[in-house]
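A.B. asks: A structural model of the following input is requested.
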Amino acid sequence: MLPRDYRLTRSVDFRRVYAEGQSWSNRTLVLYRLSNGLANSRFGFSVSRRIGKAVTRNRTKRRIREVVRQMYQQVCPGYDIVLIARQGILSAEHEAIEQSVRYLLRLAGMLCE
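C.D. replies: A predicted model of the protein is given here:
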């Protein structure tokens, strides 16, 4: 799990990222990004009820969190990032989710490889 300093937890932060940030998407995820002026990047995860019941939504969030945890060191610091799951994530394997997150981060210019 990501340390608390690396997570978005307050709904006001989520709303600010949605309202003022830029977005990119693909078949499985939507990525919103907004500069936060901090020394580290913070991630938030959102899975709507359209994806499924609570067990399915929580499993989906855990899968996305694990991918982000593994590649956190490659992400440029100073941004608030929200990842929103789309219906296509239900049939995606771990590698597909990893490729999807990497693709969106690269598209948004967030990978500091």
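A.B. asks: Is the residue positioned nearest the centre of the chain in a helix, a strand, or coil?
C.D. replies: Central residue check for the chain by C-alpha atoms, centre = their mean: the C-alpha nearest the mean position is that of L83, 2.8 Å away. Per DSSP: H, G, I helix; E, B strand; the rest coil, the local secondary structure of L83 is strand.
A.B. asks: Just want to check the distance between it and T9.
C.D. replies: Counting by C-beta to C-beta, to the nearest Å, the gap from L83 to T9 is 15 Å. All C-beta spots, glycine's among them, are computed from the backbone N, C-alpha and C.
A.B. asks: Residues in a beta bridge with R7, which ones?
C.D. replies: Beta-bridge partners recorded for R7 (DSSP bridges): F43.
A.B. asks: Find me the pLDDT at the residue lying closest to R49 once chain neighbours are set aside, would you?
C.D. replies: Here the nearest residue to R49 in space, its sequence neighbours aside, is R57; by C-beta to C-beta, 6 or more residues apart in numbering that works out to 7.3 Å. Each residue has a pLDDT score; the one for R57 is 96.
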